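Trainee: quick one: sequence and predicted model below, then my questions.
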Amino acid sequence: MHGQRCFHLLVCNNNVGYWAHAFTKQEPGLGKFRKYSLSSSSDFYSSLGLEDFLSVGDTYGTEEDTDMAILYGTLRGSVVGLRYYTGIVNNNEMVALQREPNNPYDKNAVKVNNVNGDQVGHIKKELAAALAGIMDNKLAVVEGVVPYGAKNAFTMPVQMSFWGREENKEIVLDQLKRHGFKLALPLKECGFGSKWISGRAGPSYSAPVHAAVQLTTNQLKSEFDKLFEDLKEDDKTCEMEGAEAVGTPLLPHQKQALAWMVSRENSNDLPPFWEKRSNFYYNILTNFAEKQRPENVLGGILADDMGLGKTLTTIALILTNFQDGKPLPVEKITSDKFYESVKKKYSDDGPRATLIVCPLSVLSSWIDQFEQHIHQDFHVNIYVHYGSDRSKDPSVLSEQDIVLTTYNTLATDYGIRGDSPLHKVKWLRIVLDEGHTIRNPNAQQTKAALNLEAHRRWVLTGTPIQNSVKDLWSLISFLKLKPFTDREWWHRTIQRPVTMGAPGGLGRLQSLIRSITLRRTKTTKVKGKPILELPERRVLIQYVTLTEEERQIYQSVKKEGKAAISGFFSEGTVLTHYADILGVLLRLRQLCCHPRLCINTSSSFSADNKIPEELHETLVRKMKLVLSSGSDEECAVCLESLTLPVITQCAHVFCKPCIFEVIRREQPNAKCPFCRNELRVEHLVECPLEEEIDSSNRKKLDQEWISSSKINALMHALIELRRDNPTAKCLVVSQFTTFLSLMENPLKESGFAFTRLDGSMAQKKRVEAIRCFQSSQAGSPTVMLLSLKAGGVGLNLTAASRVFLMDPAWNPAAEDQCFDRCHRLGQKHNVVITKFIVKNSVEENMLKIQNKKRELAAGAFATKKPSATEVKQTKINEIKALIDL
DNA sequence: ACCGCCGGGTGCC
DNA sequence: ACCGCCGGGTGCC
């Protein structure tokens, strides 16, 4: 049951139907998807979709460090044997030199190909003999341009440039010398007049090497952002309404994005850098020409900032632009008997399905957004291709309107030769979400994505240029823009000119980007107005004083805990007792909220006199308890809040993807990043983030209900708020779901209409809770009890203009993300956030640590990622600060 | 003549 | 290739 994450269900009274070819299975709750409750290692591999964490691809950095290359010099040579090959070139056209070690006549053979990859001829054998060693040992990259004589019948000249790392220069010059060749040095003083080197085709040569100005990543990034600052282009500011089936009204900038995407998909334009010249098509970068019209990508890159609605816009595109600019033909649900109409086939034979590939972490967000944005009256077939029982039948996939899958599923399917249904389907369109995931060209995910078949190809990303221009290549390559699908042409015409600061390089990249991407930031202006005007957001801290009784309990637990922890410090066993320490801190944090929260957290410490297995078991159990309380713990690898926490044998906790990455990198002897103990996949224990409160527990909470200082403070604030503004809605947020439950009682008693949203709820209930809360109808709930981590990035709770954060999180970013659920697009009011903090408590110390983290994050661009030991030391210092040691 | 020279055959690697 | 090179034919002036 746990492993059942491939949805074969049809929800009739819902707006989205998830169904397989035969209506065989029904499963009522998509909430299953969110919840993993695996604990034994035997379950582990089979049901977890292990492929999502064990990357099949090789590691980054295997590619040649072309970034470091300098120009050694140039050499004129000749291409021979033209009459035996079909490849033709133009004067000044770039050519590729390719080693052909298996040539039966000469093992030193070097082929000469044109931009299209067609062979033009061979490098003359004496020269080839000199080049072979250099090329095979990757001492230099040799690039060619045919300066003239392109129409010759038997031989033609080729101007070669040698590029490589500084330290290889002498070896290369020496090897050439031994064969009687000498490079002409690139002349610094030739400046822009270095025409004889470059011909007209070599933008890469026209740069005097040492005069090159290398742009830093940040400079580049700002260059790009500048490019999009003020959109004037008409094709990006036209607006378009979504089809009827789009259930959410689009905002102006989303209508612009939709119009642009539709126009891209229906475009007849030539791709960038191509011109029609009499009866052939000409590439102005490489000077390559061909009769056949080069295909333009019917798509591009949607690179809007987070929060502008890329997902909604994409859903709108799918529903609005099917064929010939007509909307996707979906069934309108008019009666109860819509089953038959759903099965109706579309007579058209063309591809129908859109494939969306996304990281696992946003899979649920897509499902949420389908639910949210597809109009209730329309039936759209959506299939989630994920999990161990995913379909192997391509026809199941091609019949859908939308197929959703993850990069790792895609890569795993692709790896199993000839058995990838995803690669057998002709898609109408492919959308890669978080497209920068495929920036490593050698990774299996990238290769698998590149080999999917569709004319319409889209990349969604919030960070188009993450590290360098280099990262763009995979995306461009996915878009199948000629001639950039071949890395050499991308490198010679764009990447090198840009990174070396060659004149025109950046301009060229900009014009490429401009023609295929749409990027808006939150501050982008259209016609002088910012596209997003978010109301103000204020964060207030309200201090709470514990009652005498609460303080007594708190102090006694603190005293005991402090003694134990200082004991661990003096023994040097802080790391082995990490779970114990988190347990102490958790109890103190819980006591700040409500004394009742501690009921199921044992206070005993794991004694060292136990045999190791017992100790380990207790520690793991303790860690599970900490996590299941809802506490937002951090992963020491990524420094973010935990996603899919797993506990190691040494009782430390990490995100599952993070720890698998460590294991993969350090295999076969991986060590826990935290304590350097042995780390084995089969010892990892998965842990659900939130446990549902069992009914007996809940009864207990109801029967013996008592209040707490924090609850009193909250109720006071709520009642005051209601008096001042009866319709104002607010979110009451806590990490502890039990705490949320404890608040239900006084809310009821004071007559508040409230709803609740936490991670344990089934999808349907969640959707209902959200809809209810967002409704502006009289009598709709004014309070939502919200667990800190509930919902994905897509969660929209803009009806609320007040937030009460009941307990601080370790990670300020987690809090911010939560606030953004109401302080986001669509918010009409100023947002006021109140953080309740207990005076003289662990909470106050947490605030201090939060502030430090904020400062660190603000300067994040300058500082490098801290090492594991640094993380460890920071954690230890934090523990000391938290418990006043 | 174990040369030179002539002119036809021929041609990437 | 309107080249170079190869190898067979040839041979005083």
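Mentor: Everything's here; your move. Numbering: from 1, shown residues only, chains lettered A, B, ... in the order given.

Trainee: which residues touch the residue nearest to residue A:636 when sequence neighbours are not counted?
Mentor: Excluding the flanking residues, the one nearest residue A:636 by Cβ to Cβ, 6 or more residues apart in numbering is residue A:871, at 4.9 Å. The C-beta positions use only the backbone N, C-alpha and C, and glycine is treated the same way. Residue A:871 makes contacts with A:636, A:639, A:673-674, as judged by Cβ atoms under 8 Å, 6 or more residues apart in numbering.

Trainee: now residue A:240
Mentor: Residue A:240 neighbours (Cβ under 8 Å, 6+ apart): A:255-256, A:258-259, A:262, A:320.

Trainee: that older thread, of the contacts of residue A:871, just say which sits nearest to DNA strand B.
Mentor: residue A:673 (53.0 Å; Cβ to the nearest atom of the strand).

Trainee: pull the number of nearby residues for the closest one.
Mentor: Using other Cβ atoms under 10 Å, residue A:673 has 22 other residues around it.

Trainee: model confidence at it, what's the number?
Mentor: Per-residue pLDDT puts residue A:673 at 87.

Trainee: so it lies in a helix, does it not?
Mentor: No - Residue A:673 is assigned coil when assessed by DSSP: H, G, I helix; E, B strand; the rest coil, not a helix.

Trainee: ok, which stretches of the stretch 551-700 of chain A are strands?
Mentor: For the stretch 551-700 of chain A, the strands defined by DSSP state E, counting those that start in this stretch cover A:645-647, A:653-655, A:685-686.

Trainee: other SSEs contacting the last one?
Mentor: For strand A:685-686, the elements it packs on are helix A:41-48, strand A:645-647, judged by 3 or more Cβ pairs under 8 Å, 6 or more residues apart in numbering; DSSP states H and E.

Trainee: list the contacts for residue A:438?
Mentor: Residue A:438 touches A:407, A:432, A:445-446, A:449-450, A:474-475, A:478, counting by Cβ under 8 Å, 6+ apart.

Trainee: and these, which are buried?
Mentor: Buried subset of those (neighbour count, 16 or more other Cβ atoms under 10 Å): A:407, A:432, A:445-446, A:449, A:474-475, A:478.

Trainee: farthest pair within these?
Mentor: The largest separation in these, counting by Cβ to Cβ, is between A:407 and A:475 at 13.7 Å.

Trainee: and the contacts of residue A:240, which two are the farthest apart?
Mentor: Spanning the widest gap among these are A:256 and A:320, at 13.5 Å by Cβ to Cβ.

Trainee: find the residue at the geometric middle of chain A.
Mentor: Closest to where the C-alpha atoms of chain A average out (Cα atoms, centre = their mean) is residue A:434, at 4.1 Å.

Trainee: surely that residue meets residue A:362?
Mentor: Yes - counting by Cβ atoms under 8 Å, residue A:434 does reach residue A:362; the two are 6.6 Å apart.

Trainee: what is the burial count for residue A:529?
Mentor: The number of residues packed near residue A:529 is 10, by other Cβ under 10 Å.

Trainee: then residue A:817?
Mentor: For residue A:817, the count of nearby residues is 18 (other Cβ under 10 Å).

Trainee: pull the strand or helix carrying it out as CSV, backbone CA atoms only.
Mentor: Secondary structure from DSSP states H and E places residue A:817 in helix A:812-819. The C-alpha trace of helix A:812-819 is given here as CSV (Å, rounded to 0.1, in the frame of the first residue of the first chain):
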residue,chain,number,x,y,z
PRO,A,812,14.2,31.5,9.0
ALA,A,813,13.7,30.5,5.4
ALA,A,814,11.1,28.0,6.4
GLU,A,815,9.2,30.7,8.1
ASP,A,816,9.5,33.1,5.2
GLN,A,817,8.2,30.4,2.8
CYS,A,818,5.2,30.0,5.1
PHE,A,819,4.6,33.8,5.1
